[in-house]
Every structure is written in structure tokens, then in C-alpha cells.
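S.K.: Predicted structure and sequence below. I'll ask about it afterward.
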Amino acid sequence: MPRRYSRREILGAAAGTTLAIGTAGVVAGTSLRNPWIPDPADAAAADMGAAHGTAADATAGAAADAPGSTFFSTAFTEYYGTLATSSDGDLWANCWADDGNMYGANGDGKGFGDGAEADVVVSKITGTPETGISGQRLAAGADVANVWGDTSQYNRKPTGMACADGVLYLAVQDLRYSPSADAFNDAPNASISMSTDHGTTWTKTSSPMFTNGTFTTIFFLDFGQNGANAVPALGSDDGQYIYAYGLDGNWRCSYSGTAPDPVSVYLARVKPGQLQDVSAWQFFTGMSGSSPSWSGTIGDKQPVLTDTRRLYPGPLLRTTAPNNGPTDFTVISQGGVVYNAPLRRYLYTSWTEYTFEFYEAPQPWGPWKLFFSHDAGGYPWFGTGSTEGGPKNGGYAATIPSKFISSDGRDMWLQSNWFVNVASGASDYNFNLRKMRLSPYQSSQPSNPADPSNNIARTGASVTPTEKSAHYGNWQYYNDGDTTQSEDSWDNSSKTSDWWGYTFDTSYHFDRVVYTTGTMFSDGGWFSSGLQVQVRQDFAWVNVTGLTISPDYPYDDTAGTNKAYTMTFDATWGDGIRIIGTPGGASTFTSIAELEAYYAG
């Protein structure tokens, strides 16, 4: 049998790339720049999503078919994987079982323990982020699932896991690995394996359940421990099913074009115990009034979510390792859907090469709305222990395990993985978590009294940073009171809009901000035109009136490093405030040391 190369081997040396950094903290032989000086390029990349903002930010430069959400006032996820575990692998489809443990299936790794690397490994995962997480390897490879296609071109990858009545169900697809130019770019087959002994042994189907790239990336709706929240959420009829979401074509954008790019999410349901019988599956076909309609014919299926946005249209400013990466990709990918029971909301965690894309809905079938886009920027990224900046990174195959959702539903942990284009530090190629916090929207009226000394950026409720992207992930710089530091928005793209600011979970009066610049570089760090202050009102960013800037902002590199600009304007209100303009320099980015917000009255 031909050797099945791992994800890391296929992508080659770029997975472990580190840069030779000179003593001055820049790449030897280059002019002054954060260590990655991009080459100038002419193509523009639109304003493609505000990290830690709202759907209004996320869709600013690319229309989304999914409407913008008004359910959350603020959304935040940490800028890197902050909790690594002693495990090896990616994807980590997971569920919370009846015995209180989580179970996870990784691709291309060893899982928990020192067993041989395999394309799929199932592990028992115990503990919590607060108490510590450990795991035990249970089964791997052909003992878990079959490869249905040509084994010289495809191997198996886990995409979703569920538990019902104490039985584990694992969705596994064929994913291309050869030739390397087509690796990870089509997923023609999928099936479901079943375990009645908590992952030790698995029963496989005798043939693929789904073929021809139709519904071949499957992830299950996570209804909590052993699916306990299904009936309370949906009632005794609809709640008796396991719900499965599916993508056609590929698990994410097909970079080589060997399969259609997924732009829609489909939904099916099936009763526990019947998951391996495809004839028992019912596929969502649309709404009949306020009720969903279902069909046993897969060809009748209709999407519950379609989003045709394409981000980072390219070309990138710099294309040699470790700055190389794909461009012009779609936003629907293999992730997870979890029911947040305290908030009574369904959350879909999607992702792209450089961003996380988050959607919410009141029912499993929708309507799904985009509420948050976190943009980590183009490569390279910085892992834990980095000595060259950061840490900061995004990730793929994002899920929110229901076991780790807080009792009020506001705090949770996001699992995702990353290992390519590492500038410095450790990658996230393990069961890896970062904190996420959501604040549901509540209508409010501003009540803060005039106080010229009260910096709302530090005293406001649920202060949440918002920016296009933060090169090194130093969001805490914006309001820590230290005006001698620097963060910048270099993201390896040529962008036309850039911003720095905050959102809150209540409204405030404003009439002044103080913007302190970060470092000026040879290729950017300043605004080139149109510097403006905006406030967020009813989920829309609007320009303030009567704006004056003192001293005058020069719109070039003479803006200076760590220089303060006071921006006063007519009294207004909002539950967010930001500065926004056109970024300058050949690499079109700006910098920041501090952003203060006041209401002097």
C-alpha cells in the first residue's frame, strides 16, 4: 500500500519555517520594518472584516449573503491559542459523552499519547481548561474508518462527532493528499463510523454513505452532554433526532479548483441508531411557513446558509515563504455548530485561511446571520513562546466544545489548529483552545456624565477591541495607558481601509478621542487620507460631525512615532467608537500605541 503522507509532510518545509533575524530585530539585509518587509504591489484588497467587531465590520468590503446579526453587542476571541495540550494532530472533531468525558478525533497525528501517527486517531479527553486537560488514545486508522477512494490519492479525515444514548458517531471523509498540488482540495466520499464502547472499537459501513462530493464534509450539531439539550430546545418531536450539517465539494475552498468551493451549508437529521443507514436520513428542503420541511432524497436538499463572500482577493504583497499563502477564498468551511443553551442560540464556527467567521441562528435551520469576523492577517504568524513578536495566529477546523460553555453562556473556548508559515514559537498542532466571550445585545441609553478625565476606553462596560487586523496580536496596547508601545495592521494585503477602536455592551456619550501613533516604518504605519472618527449606533458605523484634529494630521510618515493627536467633535453617542481612514505606505498599514475616548461635555 502506498505511504499516506501527513498534512505536515505534504506542505513541506514551510510548516516549520523560521526566519533569520538580524541583531537589530529585522531580516538581515533589509530596511527598517517589522521583520517581514512586503514588496509593493498594485492590487487592492477590500476592507474585509473587523476583528472583534460586528457583522457591519465583517461585511464592509464584501457583500455577505447571510445578513448581519444584531444578537450580540460584543464578540471577542483571543488572538492565539492560549491553552495547548500534550497531544498531536489537527481537526479534533469532538463531542461530550454520557460518561462525562469528551471524545475527539484528530487527523494526521498521534492524538494523545505516543502511538504511531495516523490519518485519524480517536482519543478520550478528560478535564477542563480550568482543571487541566489530558487524554488517552483509543483507536486509529483503519480500525476507525475506511478509505473509499484510491489510497494513492486519498486518506481519511474526521469531520464531525456526536454522542446519543451513549453511542459515539464519527463522520470521516476521503480527503485528497496526492499529488501535492491538489492536496486537501477535494473530498469525494464520506461515511459514519459507530462505537458502542466509548471509542475503543468501531463499526464501519461497508460502502461510502455519501459520494460525488455531495454532503461529504459532515459535522454534527452539538447539543451538550449526550445530546441532553435537544429535547428542551426543540421539543419531543424535532428533539429526537441527531442533526448533521454538510458541505458539498470540499472541506474548505478548493485552492486548486479540483472541486467546487463550498459556499452553502446544508442540514440533515436522523434518529439515533440509524446514522449508518442513509435511507433513514432526512434532508432540509426549506421552510413551510414557520416549520422546516424534510425529504429523504438528498437531491432535494436546500441550504440553511449561503455566503458567497471571497476574502483577500490578492495578490499578496509578499509571496515567498514564510509570507506565502492562498488568496481569493470562500468563507464556508468545516467547523462546528453548537447550541449555546443559556443564550438559546446556535453558533456556527467557520474559518478561512486567515480569518474566523462566526454565525448565529435561533433554530438549527436558521435564519443564520454573520455576527463576528476575526482577521488574523496574512502569514507569517507567531506561536506561543515567540521571540519575534506575538503570539498571534488564526486556525482551521474551528469548534466550540459544549462542555466548556459557561453557565451564563457568555464565556467559552474555541478549538482550532495551525502549523504553516511559523515565524517564531510553537504552532497549534494539538488539541488547542483559546478563550471566547460574547455579550448579547441589550438596548441602552447613554447615561455617562461629562468628565474630561474619564477614559471610557478603560472604564467602559465590556470594552472589546476592534481593528482590521493586529500584526502581532497586541490588542491590550490600545488602552493600557502606555503610549510608548506599538501595534500595527500589516497583513500582507493591499487594503483601502483601516481602523482601530472599541465596542461596548452599553451606550456612551462621546466628544473626544486621543490617538497616539505607533511606529513609523519605511513602508507604512500612518493614515494616508480620510482620517475620521465613527461611532456605532444601532449596529451601523456613522461618521461624527464637527471633527477637528490637533495638531493637524499630516497624512504621511511625519505623523511620527508615539505622537498624540486629539480629535474633538460634536457630542454624540454609541456603543462603539473607532478611528478609520485609508492606510498609507507601500504596504498600506497603520500603527497605534493608544486610543483614548472621552466625553467632556
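M.R.: It's in.

S.K.: Could I get the full set of helices for the stretch 451-600 of the chain?
M.R.: Taking DSSP state H, counting those that start in this stretch, the helices of the stretch 451-600 of the chain run over residues 456-459.

S.K.: got it, and the stretch 201-350 of the chain?
M.R.: So, for the stretch 201-350 of the chain - with DSSP H, counting those that start in this stretch - the helices run 230-238.

S.K.: That one: strands as residue ranges?
M.R.: Using DSSP state E, counting those that start in this stretch, the strands found in the stretch 201-350 of the chain span residues 217-222, 242-247, 264-270, 282-288, 291-295, 305-306, 310-311, 329-330, 336-340, 345-351.

S.K.: most packed of the ones you listed?
M.R.: strand 217-222 (a mean of 27; mean count of other C-beta atoms under 10 Å). Using the backbone N, CA and C atoms, a C-beta is placed for each residue, glycine as well.

S.K.: what about it, distance to the chain center?
M.R.: 17 Å (C-alpha atoms, centre = their mean, to the nearest Å).

S.K.: Just the C-alphas of that strand, formatted as CSV.
M.R.: The C-alpha trace of strand 217-222 is given here as CSV (Å, rounded to 0.1, in the frame of the first residue of the first chain):
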residue,chain,number,x,y,z
THR,A,217,-18.0,17.2,4.9
ILE,A,218,-20.3,16.4,7.8
PHE,A,219,-20.3,18.0,11.3
PHE,A,220,-23.0,17.3,13.9
LEU,A,221,-25.0,19.8,16.0
ASP,A,222,-23.5,19.7,19.5
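
S.K.: Other residues contacting it?
M.R.: Contact partners of strand 217-222, identified using C-beta atoms under 8 Å, 6 or more residues apart in numbering, comprise 93, 95-96, 159-162, 169, 171, 173, 187, 190, 192, 210, 242-247, 250-251, 262, 334-339, 346, 364, 399-402.

S.K.: Tell me the strands beside it, with direction?
M.R.: According to DSSP bridges, strand 217-222 forms sheet pairs with strand 242-247 (antiparallel), strand 336-340 (parallel).

S.K.: The helix or strand hosting residue 374 vs strand 345-351, what angle?
M.R.: Per DSSP states H and E: residue 374 is located in strand 369-375. Note on geometry: by axes from the mean of the first three to the mean of the last three C-alpha atoms, to 10 degrees, strand 369-375 and strand 345-351 are set 40 degrees apart in direction.

S.K.: other SSEs contacting strand 369-375?
M.R.: Counting contacts by 3 or more C-beta pairs under 8 Å, 6 or more residues apart in numbering; DSSP states H and E, strand 369-375 packs against helix 55-58, strand 72-77, strand 355-361.

S.K.: The residue nearest to residue 379 when sequence neighbours are not counted: neighbour count?
M.R.: Of all residues not flanking residue 379 in the chain, residue 421 sits nearest, at 3.5 Å (C-beta to C-beta, 6 or more residues apart in numbering). By the measure other C-beta atoms under 10 Å, the count of residues near residue 421 is 21.

S.K.: now residue 167
M.R.: Counted with other C-beta under 10 Å, residue 167 comes out at 19.

S.K.: Could you do the one 5 residues further on as well?
M.R.: Residue 172 is flanked by 31 other residues according to other C-beta under 10 Å.

S.K.: one step back: dump the strands of the stretch 201-350 of the chain to CSV, plus mean pLDDT and distance to residue 600.
M.R.: Formatted as CSV, those follow (pLDDT from 0 to 100; distance: least, C-beta to C-beta, whole Å):
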stretch, mean pLDDT, distance to residue 600
strand 217-222, 99, 48
strand 242-247, 98, 50
strand 264-270, 98, 48
strand 282-288, 98, 51
strand 291-295, 98, 53
strand 305-306, 98, 45
strand 310-311, 98, 39
strand 329-330, 98, 45
strand 336-340, 99, 40
strand 345-351, 98, 38
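
S.K.: For these, could you give me CSV that also reports distance to residue 430?
M.R.: Shown next, in CSV, are these (distance: least, C-beta to C-beta, whole Å):
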stretch, distance to residue 430
strand 217-222, 20
strand 242-247, 25
strand 264-270, 27
strand 282-288, 35
strand 291-295, 38
strand 305-306, 30
strand 310-311, 27
strand 329-330, 25
strand 336-340, 17
strand 345-351, 17
